[in-house]
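Enquirer: Fold the following and give me the result.
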Amino acid sequence: QVQLVESGGGLVQAGGSLRLSCAASERTFSSGVMGWFRQCPGREREFVAGINWAIDSTDYGDSVKGRFTISRDSAKNTLYLQMNSLKPEDTAVYYCAWKPTYGIIYSYTAYDSWGQGTLVAVSS
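Expert: I've put the predicted structure just below:
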């Protein structure tokens with residue numbers, strides 16, 4: 001497994017922006033998919049965005065399309081999530097995750113490695 005460490009969460013007002021980062025412990029991302037998920041208490045982990053590392057193709061959950069952008073810096077082995085126009089319903093713990101095979105999958109069960117999570121709280 002790969003060690004992933006998220007950062008960048010915090011408290012922000014509705015309409016504001018945050019950028020999350022996810023640093024990987026080793027250079028293992030010549031292929032595979034990295035993704036962002038989020039989870040609220042009592043709810044299942046929800047797909048937010050994913051990126052095919054090798055070809056830089058992306059996909060987004062319907063609730064964040066047009067507001068969030070996933071990107072990666074291969075030289076730094078770091079994944080990002082730029083979140084704009086934040087809404088109170090975006091409040092959750094955000095996790096980055098990795099799976100070694102090509103193809104973005106929305107189910108969290110397909111991912112092998114997970115970070116510890118970072119809390120994003122959006123006030124109205």
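
Enquirer: can we go C-alpha only for contacts and neighbour counts from here?
Expert: Fine.

Enquirer: could you pull out the strands for the chain?
Expert: Ranges of strands within the chain are 4-7, 10-13, 18-24, 33-39, 46-52, 57-60, 68-73, 78-83, 92-99, 113-114, 118-123, based on DSSP state E.

Enquirer: How far does stretch 9-22 sit from its chain's centre?
Expert: Relative to its chain's centre, stretch 9-22 lies at 12 Å (CA atoms, centre = their mean, to the nearest Å).

Enquirer: Just the buried residues of it, please?
Expert: Neighbour counts using 16 or more other CA atoms under 10 Å place Gly9, Val12, Ala14, Ser17, Leu18, Arg19, Leu20, Ser21, Cys22 of stretch 9-22 among the buried residues.

Enquirer: and what of stretch 116-124?
Expert: Gly117, Thr118, Leu119, Val120, Ala121, Val122, Ser123.

Enquirer: Would you mind putting the strands of the chain into CSV with distance to Tyr106 and mean pLDDT alongside?
Expert: Formatted as CSV, the strands of the chain follow (distance: least, CA to CA, whole Å; pLDDT from 0 to 100):
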stretch, distance to Tyr106, mean pLDDT
strand 4-7, 19, 95
strand 10-13, 25, 98
strand 18-24, 19, 96
strand 33-39, 9, 97
strand 46-52, 5, 97
strand 57-60, 9, 97
strand 68-73, 15, 96
strand 78-83, 16, 97
strand 92-99, 11, 96
strand 113-114, 15, 94
strand 118-123, 20, 98
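
Enquirer: Return the distance of the residue nearest the centre of the chain relative to Ser85.
Expert: By CA atoms, centre = their mean, the chain has its centre lying nearest to Trp36, at 2.0 Å. Distance of Trp36 to Ser85, computed by CA to CA, to the nearest Å: 17 Å.

Enquirer: Before I go, just wanted to say thanks for your time.
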